[in-house]
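Student: got a predicted structure here, sequence first:
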Amino acid sequence: MKHTLLRKMLLYFSAIILLFSLIIGLAFACLFARHSQDVHQEEMQKRAIALAAAIPAMEEAAALLQAESIGPDTQPAQPGRGGPGMGHARHHGRMMQQGWCRRQYTLAPHEAGSNSEADQRLASFFRQLNELGEGEVWLVGAGSHIIRSYGAENEETITELPPAAEALITDVLSGQPARSQAFSPLLGVPAITAAAPIYHDGRISGAILLHHSLQNMETSIWQGLRLLALSLLLALLLTGTLAWGLARHFSSPLLKMQQTARAFASGDLTARTGIRQQDEIGQLAADLDALGTELLQARTERQELQKQRQEFLAAISHELRTPLTILRGTLELLWQDLSMTSEAKARCQSQASSSLKTLERLVGDLLELTRLQNPGFILQKAPLDITEAFRDAVRQMQVIARDKHITIQTDFSQPLPMDGDYGRLRQLLIILLDNAIKFSPEASAITVRQQVSETGWQISVIDQGCGIAPEELPHIFAKFHSTRSNNQQGTGLGLAIAQEIAQRHGLQLTCKSQPAQGSTFTIHGRKSSGLPAFSAMQNRDILV
């Protein structure tokens, strides 16, 4: 697949990590740079103050600052004003008036004379100051415009200080420690300057300027950024591994469900996902398996329905063909043999009438069963006493039972109120009694018995007939199921109609039987409270 779940999750996780890393990196760089600068300035300020406190105890610095503050040929100068310095100040008075003089000292001898040894001592002194301050240290006297420091060679240069730098020196000589980046143009590189006043005998004798290049701080920042980049790379690798594991965890069951769905589409409804997870994917897999079970059951039921439909068509074709064949043969015989005696004609007419009645009964039963099985067919239900409907059915069937000298015994102990269709309930018991009379021997008895309990009631129709074989019991309520050797006049639809009537009223119809021991058909119902609102005899005119 071009766009797999694994690839998408890897891309999504990587994009999120990269975006998060970019935001965190920028924030880290800004905050770290600011924090590093603040910390570095604080440390430089502390070192500058510490050096300023230690310089009065150093012989070279004390002599240098004292000579610059009070020269032999001049009066003491105010801070920020030019003044003579130790030896060199007398030769550069004019130079100092034009700007600041930077005097650098180096350890390499560049000139001979009495000053060479003194310059070497000052160069060694300033180099020690640089090592102690961990940067470049400048000294400025309180009454001088000379800046003294350690340099590459002994030289003096006239320097124009930026206004911010002069302001910083002025502030320091007034007794206020300060820090700034104003000396960066003069140093040639971005740098931070921390300045502190030097006190001698209770007065300010000069100032110390400690310069530190920002390149070291930038190096620290870049080291932090490289560490951040390495951490992000490791995070990406860890995220990729996690995304791969999660994608496999999610895609594997999804792939199984896809294969199961395709199996369903190809007709294999026995396929199952086999996924057992306590999450949404597990629920989806369980629903898919349940769908497969339902589809398989529906297909089985559909196949069974098709089989029943075919059997129904075959049975109804057979049932219709027999009376039609007899009727056609009888009519042909009447038409062809015109010289038939009146007695023979009467027999043919009787046979034709019997075939027509059989056809009429079969078609009527088919229409009745179809109507009852139609979900849109509504029974005319009303409050009634079901025992009244059954008593009416018994009275009607006693006429038929007398032809076989069969007695019908009833045992209705109490009324059974319910909502129902009087005519259909009477038809239900008529079908059961007709079936019992048909299969009972002559001069036998049929019992209609009522049994009532706290939760429900039963009405049983018990005969002494030939019984039903155990293998036929599960199918007796199916359409066109009958034993034709014993039921030449039946259509095989009576018990199916009786079962539909019972189910439409919320009743249950069951049968127990043993060969040669008779059969017992039982109607089961739930007991309801109260008597019918009116007499069920008002509905006795409803036809079956």
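Tutor: On my side now, so go ahead. Residues are numbered from 1 along each chain as shown.

Student: list the contacts for Ser14?
Tutor: Listed by C-beta atoms under 8 Å, 6 or more residues apart in numbering, the contact set of Ser14 reads Leu236, Thr239, Gly240, Ala243. All C-beta atoms are positioned from the backbone trio N, CA, C, and that covers glycine.

Student: element containing it?
Tutor: Secondary structure from DSSP states H and E places Ser14 in helix 5-54.

Student: quick one: low-confidence ranges for the stretch 301-450 of the chain?
Tutor: Residues of the stretch 301-450 of the chain meeting the criterion pLDDT under 70: 318-319, 337-339.

Student: I'd say Ser460 and Ser519 touch.
Tutor: No: in this structure, Ser460 is not within contact of Ser519 by C-beta atoms under 8 Å, at 10.2 Å.

Student: which one of those two is surrounded by more residues?
Tutor: A direct count of neighbours by other C-beta atoms under 10 Å for Ser460 and Ser519 places Ser519 higher, at 24 against 18.

Student: test of understanding: give the bridge partners of the more buried one.
Tutor: In this entry, Ser519 is beta-bridged to Ser513, by DSSP bridges.

Student: next one: it from Ala469, what distance?
Tutor: Per C-beta to C-beta, to the nearest Å, Ser519 is found 11 Å from Ala469.

Student: low-confidence regions, the stretch 101-250 of the chain specifically.
Tutor: Within the stretch 101-250 of the chain, the ranges that satisfy pLDDT under 70 run 108-116, 216-217.

Student: about what we covered before: columns distance to Gly133 and secondary structure on top of the contacts of Ser14, output as TSV?
Tutor: Below are those laid out as TSV (distance: C-beta to C-beta, whole Å; DSSP: H, G, I helix; E, B strand; the rest coil):
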residue	distance to Gly133	secondary structure
Leu236	43	helix
Thr239	46	helix
Gly240	49	helix
Ala243	52	helix
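
Student: now Ser183: closest residue in space, sequence neighbours ignored.
Tutor: For residue 183 the amino acid is Phe, not Ser. Closest residue to Phe183 apart from its sequence neighbours, by C-beta to C-beta, 6 or more residues apart in numbering: Thr193 at 4.7 Å.

Student: how about the secondary structure of the one you found?
Tutor: strand (DSSP: H, G, I helix; E, B strand; the rest coil).

Student: what's around it, how many residues?
Tutor: 27.

Student: surely it meets His211?
Tutor: Yes: between Thr193 and His211 a contact is recorded at 5.2 Å, counting by C-beta under 8 Å.

Student: so what secondary structure elements neighbour the helix or strand hosting Leu333?
Tutor: Here Leu333, judged by DSSP H and E, is contained in helix 280-336. The elements that helix 280-336 packs onto, with contact taken as 3 or more C-beta pairs under 8 Å, 6 or more residues apart in numbering; DSSP states H and E, are helix 214-266, helix 342-373.

Student: ok now the shortest one, how far from the chain's centre?
Tutor: For helix 342-373, the distance from its own C-alpha centre to the chain's C-alpha centre is 67 Å (C-alpha atoms, centre = their mean, to the nearest Å).

Student: next secondary structure element downstream of it?
Tutor: strand 382-385.

Student: give me the sheet partners of that following strand and which way each runs.
Tutor: Counting by DSSP bridges, strand 382-385 is paired with strand 417-420 (antiparallel).

Student: in the partner strand, what's buried?
Tutor: Within strand 417-420, the residues scored as buried using 16 or more other C-beta atoms under 10 Å are Pro417, Met418, Gly420.

Student: returning to what we had before: intersection of neighbour lists for Ser460 and Ser519?
Tutor: Counting by C-beta under 8 Å, 6+ apart, Ser460 and Ser519 have no shared contacts at all.

Student: Trp138 is in contact with Leu129, correct?
Tutor: No: with contacts counted by C-beta under 8 Å, Leu129 stays clear of Trp138, the gap being 9.1 Å.

Student: what residues sit buried inside stretch 335-355?
Tutor: Quick answer for stretch 335-355 (16+ other C-beta under 10 Å): Cys348, Ala352, Ser355.

Student: what of stretch 7-22?
Tutor: Neighbour-count burial for stretch 7-22, counted by 16+ other C-beta under 10 Å, picks out Met9, Leu10, Phe13, Ile17, Ser21.

Student: the closest residue to the third one other than its chain neighbours: what's it in contact with?
Tutor: If the residues on either side of it in the chain are set aside, Phe13 comes closest to Ala243, at 4.3 Å by C-beta to C-beta, 6+ apart. Counting by C-beta under 8 Å, 6+ apart, Ala243 touches Leu6, Met9, Leu10, Tyr12, Phe13, Ser14.

Student: specify which member of those is nearest to Leu493.
Tutor: Of all the contacts of Ala243, Leu493 sits closest to Leu6, with 63.0 Å by C-beta to C-beta.

Student: pLDDT wise, what is Gln499 at?
Tutor: Gln499 is assigned 92 on the pLDDT scale.

Student: now it: how far from Thr510?
Tutor: Between Gln499 and Thr510 the computed distance is 10 Å (C-beta to C-beta).

Student: cool, and Val399?
Tutor: Distance of Val399 to Thr510, given as C-beta to C-beta: 28 Å.

Student: likewise for Gly151?
Tutor: Applying C-beta to C-beta, the value for Gly151 to Thr510 is 121 Å.

Student: Thr193 now?
Tutor: Taking C-beta to C-beta, one finds Thr193 at 109 Å from Thr510.

Student: go on, Val137?
Tutor: Taken as C-beta to C-beta, the span from Val137 to Thr510 is 115 Å.

Student: compare the two (neighbour count), which wins?
Tutor: The neighbour comparison of Val137 against Thr510 (other C-beta under 10 Å) goes to Val137, with 25 against 15.

Student: that one against Ile208, yeah?
Tutor: Yes: counting by C-beta under 8 Å, Val137 touches Ile208, with 6.4 Å between them.

Student: quick check: neighbours shared by those two?
Tutor: Common neighbours of Val137 and Ile208 (C-beta under 8 Å, 6+ apart) are Leu51.

Student: tell me which residue is most central in this structure.
Tutor: What sits nearest the mean C-alpha location of the chain, by C-alpha atoms, centre = their mean, is Glu280, with 5.7 Å.

Student: show the pLDDT at the nearest residue to Phe264 once chain neighbours are set aside.
Tutor: Leaving aside its sequence neighbours, Phe264 sits nearest to Gly292 (C-beta to C-beta, 6+ apart; 6.1 Å). According to the prediction, Gly292 has pLDDT 90.

Student: count of neighbours near Gly292?
Tutor: Counted with other C-beta under 10 Å, Gly292 comes out at 20.

Student: please apply the same query to Leu313.
Tutor: Counted with other C-beta under 10 Å, residues neighbouring Leu313 total 10.

Student: how does this structure divide up, domain by domain?
Tutor: The chain resolves into domains spanning 54-216, 280-371, 379-539 when parsed by automatic domain parsing.

Student: want to throw those into a markdown table with distance to Leu31?
Tutor: Listed next are the domains of the chain as a markdown table, based on distance: least, C-beta to C-beta, whole Å:
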| stretch | distance to Leu31 |
| --- | --- |
| domain 54-216 | 17 |
| domain 280-371 | 41 |
| domain 379-539 | 79 |
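
Student: of all those domains, which one is nearest Leu254?
Tutor: Nearest to Leu254 among the domains of the chain is domain 280-371; the distance by C-beta to C-beta comes to 7.2 Å.

Student: alpha carbons only: can I get stretch 503-511 in PDB?
Tutor: Extracted in PDB, the C-alpha atoms of stretch 503-511 (Å, rounded to 0.1, in the frame of the first residue of the first chain):
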ATOM      1  CA  GLN A 503     -48.200 -17.200  18.300                       C
ATOM      2  CA  ARG A 504     -50.400 -14.300  17.300                       C
ATOM      3  CA  HIS A 505     -52.000 -14.400  20.700                       C
ATOM      4  CA  GLY A 506     -48.700 -14.800  22.600                       C
ATOM      5  CA  LEU A 507     -49.500 -18.500  23.400                       C
ATOM      6  CA  GLN A 508     -47.400 -21.600  23.000                       C
ATOM      7  CA  LEU A 509     -48.600 -24.700  21.300                       C
ATOM      8  CA  THR A 510     -46.700 -28.000  22.100                       C
ATOM      9  CA  CYS A 511     -47.200 -31.700  21.500                       C
END
